[in-house]
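Visitor: From the sequence below, what's the structure:
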Amino acid sequence: MLDPVPRPASSLAIRCTRALFSPWSRLSLLVAMLAAAALTVVLYEPQRLLSAGWPPQLSGAAAVVLFGVAYGACTAAFVPRPLLNLAAGALFGSQAGLVSALVGTVLGAGISFTLGRLLGQDALRPLLRGRWLKAADNQLSSHGFRSMLALRLFPGVPFAAANYCAAVSRMGYVPFLLATGLGSIPNTAAYVVAGSRAGSPTSPAFLIAIGFIVVTGLAAGVIAWRKRHRLRGH
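Guide: Numbers count the residues shown, from 1 in each chain. Next up is the predicted model:
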């Protein structure tokens, strides 16, 4: 009795399916998606839609929630968070702006983490062979919440880089998202307050927020400079 489907065709389909869903194919898809997102940000500047172009007919809780969703999508597409935080403060004030910005921060981090975990982890984990890479991976995998909390509190670590490093590690979703939400509060609050009080640049709240941003930025630069020289020494 003849087979209903020729075996060579079936074997070819299986090989094509395996190649399509292989770790390196998924990684290539991730790289293409990130490149397209970055290009979109450069060409269309979607962060402008969250400030000057925000629909005037939206108000109240609906506007805060929708802004948080748009914030998350823009963050995953590499729009700088400081600009979004300033826009949140300018649009909604300190309290509602902070809530919206934090929701967007966690949502954007979750999107990036999911993409990195599904499309990049299998291909990149075998490449973690160097001493520093293994140490960083072990720290994130074994002490996920504590490590991510420190990265979020440290303003010198790029937001997207922390997301994808965590995705490649074996950190769980819950510690990642919880540490992101808690660790992002101080820096996010400073930018939101600065945005909400931008019309009163001599007010104490604005000056305190700007001072916090400057001090933490300088501290991040000093720590990064010292770490760089230590690494050179080794």
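
Visitor: the strands in this protein, which residues?
Guide: Taking DSSP state E as the criterion, the chain contains no strands.

Visitor: Tell me where the longest helix sits in it.
Guide: Looking across the chain with DSSP state H, the single longest helix is helix 81-119.

Visitor: Okay, buried residues for that one please.
Guide: 81-92, 94, 96-113, 115-117, 119 (16 or more other C-beta atoms under 10 Å). (Glycine included, C-beta is placed from N, CA and C.)

Visitor: ok, now stretch 117-128?
Guide: So, applying 16+ other C-beta under 10 Å, buried residues of stretch 117-128: 117, 119-124.

Visitor: Now the two most distant members of those residues.
Guide: Greatest spacing in the buried residues of stretch 117-128, by C-beta to C-beta: R117 and A123 (11.7 Å).

Visitor: just to revisit the earlier point, export the buried residues of stretch 117-128 to JSON lines and tack on distance to F145?
Guide: Supplementary listing: the buried residues of stretch 117-128 in JSON lines, determined by distance: C-beta to C-beta, whole Å:
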{"residue": "R117", "distance to F145": "17"}
{"residue": "L119", "distance to F145": "24"}
{"residue": "G120", "distance to F145": "22"}
{"residue": "Q121", "distance to F145": "19"}
{"residue": "D122", "distance to F145": "24"}
{"residue": "A123", "distance to F145": "26"}
{"residue": "L124", "distance to F145": "22"}
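
Visitor: Closest one to A77 out of the residues you listed, please.
Guide: L119 (15.6 Å).

Visitor: so how far is M148 from that closest one?
Guide: Per C-beta to C-beta, to the nearest Å, L119 is found 20 Å from M148.

Visitor: And for Q121?
Guide: Relative to M148, and taking C-beta to C-beta, Q121 is found at 16 Å.

Visitor: Then L127?
Guide: Distance of L127 to M148, computed by C-beta to C-beta: 21 Å.

Visitor: what does T105 give?
Guide: Going from T105 to M148 by C-beta to C-beta gives 13 Å.

Visitor: Tell me how many other residues surround the nearest residue to R117 once chain neighbours are set aside.
Guide: Of all residues not flanking R117 in the chain, A167 sits nearest, at 4.5 Å (C-beta to C-beta, 6 or more residues apart in numbering). When neighbours are defined as other C-beta atoms under 10 Å, A167 has 24 of them.
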